[in-house]
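J.: This is a predicted model, with the sequence first.
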Amino acid sequence: MELIKLGKRGQLSIPQSILKKLGIDREMPMSVEITSDGAILLRQVGVYPLEIYTDERLREFEDADRPSAEEAQKLKALGQ
């Protein structure tokens, strides 16, 4: 077990040896949870950008997916 110290501003520094064992890089997003027995639980989390599509953007996707006249003919010839 290793001891860590709570800083004046409420910050903790996790020893480098522990971070290496867990494969955690600097500035890794983490979630913090308090368990029913009062323990503090830290978990690595993935943060991914999220795009909310407008109706206009959805139409752009639909237009891009629509087959060209030539492609439509080929599909029709294939019976699709």
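T.: That came in fine, so what should we check first? Every value quoted in this text rests on a predicted model; they were computed, and no experiment measured them.
J.: Which parts of the chain are strands?
T.: 30-34, 40-44 (DSSP state E).
J.: List the beta-bridge partners for residue 33.
T.: Under DSSP bridges, the beta-bridge partners of residue 33 are residue 41.
J.: which other residues reach the helix of greatest length in the chain?
T.: Secondary structure of the chain per DSSP state H: the longest helix is helix 55-65. Residues from elsewhere that reach helix 55-65, judged by C-beta atoms under 8 Å, 6 or more residues apart in numbering: residue 53. For every residue, glycine as well, the C-beta is placed using N, CA and C.
J.: now that helix, how far from the chain's geometric center?
T.: 25 Å (C-alpha atoms, centre = their mean, to the nearest Å).
J.: try stretch 60-68
T.: 28 Å.
J.: what about that stretch, average pLDDT?
T.: The pLDDT scores in stretch 60-68 average 93.
J.: For that stretch, list the C-alpha coordinates in PDB.
T.: C-alpha atoms of stretch 60-68 as PDB (Å, rounded to 0.1, in the frame of the first residue of the first chain):
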ATOM      1  CA  GLU A  60     -27.000  15.800 -46.600                       C
ATOM      2  CA  PHE A  61     -26.400  12.300 -45.400                       C
ATOM      3  CA  GLU A  62     -29.500  11.000 -47.200                       C
ATOM      4  CA  ASP A  63     -28.500  12.900 -50.400                       C
ATOM      5  CA  ALA A  64     -25.000  11.400 -50.300                       C
ATOM      6  CA  ASP A  65     -26.500   7.900 -49.800                       C
ATOM      7  CA  ARG A  66     -28.900   8.200 -52.700                       C
ATOM      8  CA  PRO A  67     -27.700   6.300 -55.700                       C
ATOM      9  CA  SER A  68     -26.900   8.200 -58.900                       C
END
